[in-house]
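Undergrad: could you look at this predicted model? Sequence included:
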Amino acid sequence: MKVFKNTKAFIKRQPLSMVFRPKRQFVAFCIGTAKSGTSSIAAMFSRFRSFLEPNSGELIREIIRSENNSRTRDSRLMAAFSRCDREHLPEMNSSQINGFYLKEIETLHPAAKYILTIRPCLNWLESFANHHYETRTVKVAKLYWHEYRKFRFGRYGYSFESDETAVEEAGLFPIEAYVHFWADYNNDMLARAPIDRTLIVKTCDLGHSCSKIERFLGLRDGSLDPGSSHKNIRTQKTFSVRQTVAAEYLEAVVARHCIGPLAKYAVSTDS
(Lines give C-alpha, C1' and ligand atoms only; values in the text may rest on other atoms or scores of the structure.)
Protein backbone atom coordinates (compact mmCIF):
# COMPACT_ATOMS: atom_id res chain seq x y z
CA MET A 1 0.00 0.00 0.00
CA LYS A 2 1.31 3.42 -0.97
CA VAL A 3 2.07 5.65 2.03
CA PHE A 4 2.12 9.38 1.33
CA LYS A 5 4.34 11.70 3.34
CA ASN A 6 1.71 14.39 3.68
CA THR A 7 -1.74 15.48 2.55
CA LYS A 8 -0.33 17.55 -0.30
CA ALA A 9 1.42 14.50 -1.74
CA PHE A 10 -1.76 12.46 -1.42
CA ILE A 11 -3.89 15.09 -3.16
CA LYS A 12 -1.39 15.42 -5.99
CA ARG A 13 -1.78 11.73 -6.84
CA GLN A 14 -5.59 11.68 -6.81
CA PRO A 15 -7.95 12.29 -9.72
CA LEU A 16 -9.30 15.82 -9.58
CA SER A 17 -12.86 14.64 -8.93
CA MET A 18 -11.80 12.69 -5.81
CA VAL A 19 -10.34 15.78 -4.15
CA PHE A 20 -12.85 18.48 -5.00
CA ARG A 21 -15.36 19.20 -7.74
CA PRO A 22 -14.76 22.69 -9.12
CA LYS A 23 -17.47 24.16 -11.28
CA ARG A 24 -16.64 24.16 -14.96
CA GLN A 25 -16.80 27.54 -16.65
CA PHE A 26 -17.72 25.79 -19.88
CA VAL A 27 -17.73 22.30 -21.38
CA ALA A 28 -16.17 21.99 -24.81
CA PHE A 29 -14.72 19.23 -26.95
CA CYS A 30 -12.38 19.41 -29.91
CA ILE A 31 -13.46 16.64 -32.30
CA GLY A 32 -10.91 16.95 -35.10
CA THR A 33 -8.81 14.13 -36.50
CA ALA A 34 -5.23 13.51 -35.48
CA LYS A 35 -2.88 16.11 -37.05
CA SER A 36 -5.68 18.62 -37.45
CA GLY A 37 -4.74 20.84 -34.51
CA THR A 38 -6.00 18.95 -31.46
CA SER A 39 -2.68 19.43 -29.65
CA SER A 40 -2.76 23.14 -30.45
CA ILE A 41 -6.32 23.52 -29.18
CA ALA A 42 -5.41 21.84 -25.88
CA ALA A 43 -2.42 24.18 -25.51
CA MET A 44 -4.41 27.30 -26.42
CA PHE A 45 -6.74 26.53 -23.47
CA SER A 46 -3.85 26.20 -20.99
CA ARG A 47 -5.44 28.74 -18.63
CA PHE A 48 -8.35 26.35 -18.14
CA ARG A 49 -8.68 22.67 -17.28
CA SER A 50 -7.59 21.50 -20.71
CA PHE A 51 -6.65 17.94 -21.57
CA LEU A 52 -5.18 16.33 -24.68
CA GLU A 53 -6.42 12.80 -25.31
CA PRO A 54 -7.22 11.94 -21.67
CA ASN A 55 -7.54 8.21 -20.91
CA SER A 56 -6.65 7.46 -24.53
CA GLY A 57 -5.61 3.85 -23.93
CA GLU A 58 -8.87 2.82 -22.28
CA LEU A 59 -11.04 4.76 -24.70
CA ILE A 60 -9.31 3.34 -27.79
CA ARG A 61 -9.51 -0.22 -26.49
CA GLU A 62 -13.25 0.19 -25.92
CA ILE A 63 -13.77 1.58 -29.43
CA ILE A 64 -12.03 -1.43 -30.97
CA ARG A 65 -13.71 -3.92 -28.65
CA SER A 66 -17.17 -2.52 -29.36
CA GLU A 67 -16.64 -2.99 -33.10
CA ASN A 68 -16.78 -6.74 -32.54
CA ASN A 69 -19.43 -6.78 -29.81
CA SER A 70 -22.39 -4.58 -30.63
CA ARG A 71 -24.47 -6.10 -27.81
CA THR A 72 -22.47 -4.38 -25.08
CA ARG A 73 -21.22 -1.47 -27.18
CA ASP A 74 -23.33 1.36 -25.78
CA SER A 75 -22.90 0.48 -22.12
CA ARG A 76 -19.13 -0.06 -22.35
CA LEU A 77 -18.48 3.14 -24.29
CA MET A 78 -20.62 5.16 -21.90
CA ALA A 79 -18.88 3.66 -18.87
CA ALA A 80 -15.42 4.40 -20.26
CA PHE A 81 -16.20 7.96 -21.28
CA SER A 82 -18.08 8.75 -18.06
CA ARG A 83 -15.08 7.56 -16.05
CA CYS A 84 -12.76 9.81 -18.07
CA ASP A 85 -15.06 12.79 -17.62
CA ARG A 86 -15.39 12.27 -13.85
CA GLU A 87 -11.66 11.86 -13.33
CA HIS A 88 -10.58 15.00 -15.16
CA LEU A 89 -13.61 17.33 -15.17
CA PRO A 90 -12.28 18.96 -18.35
CA GLU A 91 -13.41 22.32 -19.58
CA MET A 92 -11.67 21.57 -22.88
CA ASN A 93 -11.23 17.95 -23.88
CA SER A 94 -9.26 17.93 -27.13
CA SER A 95 -8.88 14.51 -28.66
CA GLN A 96 -8.92 12.71 -31.99
CA ILE A 97 -10.90 10.04 -30.15
CA ASN A 98 -13.84 12.26 -29.22
CA GLY A 99 -15.64 11.82 -32.53
CA PHE A 100 -16.17 8.15 -31.77
CA TYR A 101 -17.83 9.14 -28.48
CA LEU A 102 -20.13 11.85 -29.78
CA LYS A 103 -23.27 10.00 -28.67
CA GLU A 104 -21.88 9.56 -25.17
CA ILE A 105 -20.77 13.20 -24.96
CA GLU A 106 -24.23 14.39 -25.95
CA THR A 107 -25.81 12.18 -23.29
CA LEU A 108 -23.49 13.45 -20.55
CA HIS A 109 -23.36 17.08 -21.71
CA PRO A 110 -26.38 17.99 -23.86
CA ALA A 111 -25.28 21.65 -23.96
CA ALA A 112 -21.61 20.96 -24.78
CA LYS A 113 -19.94 22.94 -27.53
CA TYR A 114 -17.67 21.49 -30.17
CA ILE A 115 -14.69 22.71 -32.16
CA LEU A 116 -14.18 20.73 -35.35
CA THR A 117 -10.67 21.35 -36.62
CA ILE A 118 -10.26 20.40 -40.29
CA ARG A 119 -6.95 20.23 -42.08
CA PRO A 120 -7.34 20.19 -45.88
CA CYS A 121 -7.10 16.60 -47.03
CA LEU A 122 -3.86 16.61 -49.00
CA ASN A 123 -2.10 18.68 -46.32
CA TRP A 124 -3.42 16.32 -43.64
CA LEU A 125 -2.25 13.29 -45.62
CA GLU A 126 1.27 14.71 -45.89
CA SER A 127 1.41 15.38 -42.15
CA PHE A 128 -0.23 12.18 -40.95
CA ALA A 129 1.75 9.86 -43.23
CA ASN A 130 4.96 11.37 -41.88
CA HIS A 131 3.69 10.98 -38.31
CA HIS A 132 2.72 7.37 -38.97
CA TYR A 133 6.13 6.66 -40.50
CA GLU A 134 7.97 8.13 -37.52
CA THR A 135 5.87 6.20 -34.96
CA ARG A 136 5.37 2.95 -36.88
CA THR A 137 7.23 0.74 -34.37
CA VAL A 138 5.87 -0.48 -31.04
CA LYS A 139 8.95 0.97 -29.36
CA VAL A 140 7.86 4.47 -30.38
CA ALA A 141 4.09 4.20 -30.12
CA LYS A 142 2.17 2.12 -27.58
CA LEU A 143 0.49 -1.00 -28.92
CA TYR A 144 -3.03 0.38 -28.69
CA TRP A 145 -2.12 3.19 -31.08
CA HIS A 146 -1.06 0.59 -33.66
CA GLU A 147 -4.36 -1.25 -33.18
CA TYR A 148 -6.20 2.06 -33.51
CA ARG A 149 -4.51 2.68 -36.87
CA LYS A 150 -5.57 -0.74 -38.12
CA PHE A 151 -9.09 0.01 -36.93
CA ARG A 152 -9.19 3.30 -38.84
CA PHE A 153 -7.25 2.56 -42.02
CA GLY A 154 -7.27 -1.22 -42.35
CA ARG A 155 -11.05 -1.50 -42.51
CA TYR A 156 -11.37 -0.47 -46.15
CA GLY A 157 -9.37 -3.31 -47.69
CA TYR A 158 -7.44 -1.21 -50.20
CA SER A 159 -4.40 -2.64 -51.96
CA PHE A 160 -1.31 -0.68 -52.98
CA GLU A 161 -1.33 0.74 -56.48
CA SER A 162 1.73 0.89 -58.73
CA ASP A 163 2.21 4.57 -57.83
CA GLU A 164 2.58 3.69 -54.14
CA THR A 165 5.71 1.56 -54.05
CA ALA A 166 7.51 3.95 -51.70
CA VAL A 167 4.47 4.11 -49.40
CA GLU A 168 4.29 0.32 -49.17
CA GLU A 169 8.03 0.03 -48.53
CA ALA A 170 7.70 2.60 -45.75
CA GLY A 171 5.28 0.32 -43.89
CA LEU A 172 2.25 2.57 -44.26
CA PHE A 173 -1.31 1.96 -45.43
CA PRO A 174 -2.43 2.61 -49.02
CA ILE A 175 -3.03 6.29 -49.79
CA GLU A 176 -6.72 5.75 -50.44
CA ALA A 177 -7.22 4.22 -46.98
CA TYR A 178 -6.03 7.43 -45.32
CA VAL A 179 -8.07 9.68 -47.61
CA HIS A 180 -11.18 7.52 -47.27
CA PHE A 181 -10.96 7.70 -43.48
CA TRP A 182 -10.40 11.47 -43.52
CA ALA A 183 -13.53 11.92 -45.63
CA ASP A 184 -15.64 9.44 -43.65
CA TYR A 185 -14.70 10.95 -40.32
CA ASN A 186 -15.19 14.59 -41.26
CA ASN A 187 -18.44 13.87 -43.09
CA ASP A 188 -19.67 12.07 -39.98
CA MET A 189 -18.78 15.00 -37.73
CA LEU A 190 -20.42 17.52 -40.08
CA ALA A 191 -23.58 15.40 -40.10
CA ARG A 192 -23.79 14.51 -36.39
CA ALA A 193 -22.30 17.39 -34.41
CA PRO A 194 -25.08 19.87 -33.48
CA ILE A 195 -24.79 22.67 -36.00
CA ASP A 196 -25.79 25.37 -33.48
CA ARG A 197 -23.10 24.24 -31.01
CA THR A 198 -20.24 23.50 -33.39
CA LEU A 199 -17.50 25.81 -34.63
CA ILE A 200 -15.48 24.69 -37.66
CA VAL A 201 -11.92 25.97 -37.79
CA LYS A 202 -9.38 25.19 -40.48
CA THR A 203 -6.04 24.15 -39.01
CA CYS A 204 -4.16 26.89 -40.82
CA ASP A 205 -6.51 29.49 -39.30
CA LEU A 206 -5.97 28.52 -35.65
CA GLY A 207 -3.43 31.28 -35.06
CA HIS A 208 -5.92 34.04 -35.72
CA SER A 209 -9.08 32.30 -34.48
CA CYS A 210 -8.70 32.96 -30.75
CA SER A 211 -11.24 35.80 -30.67
CA LYS A 212 -13.75 33.76 -32.65
CA ILE A 213 -13.35 30.77 -30.34
CA GLU A 214 -13.61 32.98 -27.24
CA ARG A 215 -16.87 34.50 -28.49
CA PHE A 216 -18.19 31.05 -29.38
CA LEU A 217 -17.59 29.81 -25.83
CA GLY A 218 -18.57 33.04 -24.07
CA LEU A 219 -15.07 33.70 -22.75
CA ARG A 220 -13.54 37.09 -22.17
CA ASP A 221 -11.07 38.49 -24.69
CA GLY A 222 -7.53 37.28 -24.17
CA SER A 223 -8.54 34.02 -22.46
CA LEU A 224 -6.73 31.85 -25.00
CA ASP A 225 -3.04 31.63 -25.81
CA PRO A 226 -2.49 32.34 -29.54
CA GLY A 227 1.20 31.49 -29.19
CA SER A 228 0.30 27.81 -28.83
CA SER A 229 -1.73 27.63 -32.03
CA HIS A 230 0.90 25.52 -33.83
CA LYS A 231 1.94 23.24 -31.00
CA ASN A 232 3.29 20.38 -33.11
CA ILE A 233 4.55 22.27 -36.14
CA ARG A 234 7.37 20.49 -37.99
CA THR A 235 9.94 22.17 -40.19
CA GLN A 236 11.51 18.90 -41.38
CA LYS A 237 9.83 15.61 -42.28
CA THR A 238 11.21 12.10 -42.37
CA PHE A 239 8.73 10.86 -44.99
CA SER A 240 6.91 12.94 -47.58
CA VAL A 241 3.98 11.61 -49.57
CA ARG A 242 4.21 14.52 -51.95
CA GLN A 243 7.85 13.76 -52.73
CA THR A 244 7.34 10.01 -53.25
CA VAL A 245 3.95 9.76 -54.99
CA ALA A 246 2.98 11.44 -58.26
CA ALA A 247 0.90 14.59 -57.75
CA GLU A 248 -1.63 13.47 -60.35
CA TYR A 249 -2.31 10.26 -58.46
CA LEU A 250 -2.68 12.03 -55.10
CA GLU A 251 -5.03 14.61 -56.57
CA ALA A 252 -7.17 11.91 -58.20
CA VAL A 253 -7.56 9.99 -54.94
CA VAL A 254 -8.45 13.15 -53.02
CA ALA A 255 -10.95 14.20 -55.71
CA ARG A 256 -12.77 10.85 -55.42
CA HIS A 257 -13.47 11.37 -51.73
CA CYS A 258 -13.56 15.12 -51.15
CA ILE A 259 -16.99 15.77 -52.58
CA GLY A 260 -20.02 17.68 -51.35
CA PRO A 261 -19.36 19.74 -48.19
CA LEU A 262 -15.76 18.50 -48.08
CA ALA A 263 -14.83 19.74 -51.55
CA LYS A 264 -13.60 23.06 -50.17
CA TYR A 265 -11.28 21.19 -47.81
CA ALA A 266 -9.56 19.10 -50.46
CA VAL A 267 -6.30 20.98 -50.67
CA SER A 268 -4.76 24.20 -49.45
CA THR A 269 -1.54 26.08 -49.99
CA ASP A 270 -1.31 26.45 -46.20
CA SER A 271 -0.18 23.72 -43.83
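TA: Received it, and whenever you're ready, just let me know what you need. Numbers count the residues shown, from 1 in each chain.

Undergrad: so which residues of this protein form helices?
TA: Using DSSP state H, the helices of the chain run over 7-12, 16-19, 38-44, 56-67, 73-88, 102-108, 121-134, 143-153, 165-169, 175-192, 210-217, 241-244, 247-257.

Undergrad: among these, which is nearest residue 26?
TA: Shortest distance between residue 26 and the helices of the chain, using CB to CB, is found for helix 210-217: 5.1 Å. Where you see a C-beta, it was placed from the backbone N, CA and C, and this is true even at glycine.

Undergrad: in that closest one, what counts as buried?
TA: Buried residues in helix 210-217, counting neighbours by 16 or more other CB atoms under 10 Å, are found at 210, 213, 216, 217.

Undergrad: highest average neighbour count across the helices of the chain?
TA: Highest mean neighbour count of the helices of the chain: helix 38-44, a mean of 24 (counted as mean count of other CB atoms under 10 Å).

Undergrad: pLDDT on that helix, on average?
TA: In this model, helix 38-44 has a mean pLDDT of 96.

Undergrad: what of stretch 223-234?
TA: 74.

Undergrad: wait, residue 127 touches residue 120, no?
TA: No - Residue 127 lies out of contact with residue 120 (CB atoms under 8 Å); the separation is 10.4 Å.

Undergrad: just to revisit the earlier point, now the helices of the chain in CSV, with distance to residue 267?
TA: Output for those, formatted as CSV (distance: least, CB to CB, whole Å):
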stretch, distance to residue 267
helix 7-12, 47
helix 16-19, 42
helix 38-44, 21
helix 56-67, 29
helix 73-88, 34
helix 102-108, 27
helix 121-134, 4
helix 143-153, 20
helix 165-169, 18
helix 175-192, 11
helix 210-217, 23
helix 241-244, 11
helix 247-257, 7
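
Undergrad: which one, of those helices, ends up nearest to residue 25?
TA: Ranking these by proximity to residue 25 (CB to CB) places helix 210-217 first, at 8.6 Å.

Undergrad: helices and strands around the closest one, which ones?
TA: Contacts defined by 3 or more CB pairs under 8 Å, 6 or more residues apart in numbering; DSSP states H and E place helix 210-217 against strand 113-118, strand 198-202.

Undergrad: one more pass at 10 Å, please.
TA: If contacts are counted by 3 or more CB pairs under 10 Å, 6 or more residues apart in numbering; DSSP states H and E, helix 210-217 sits against strand 28-30, helix 38-44, strand 113-118, strand 198-202.
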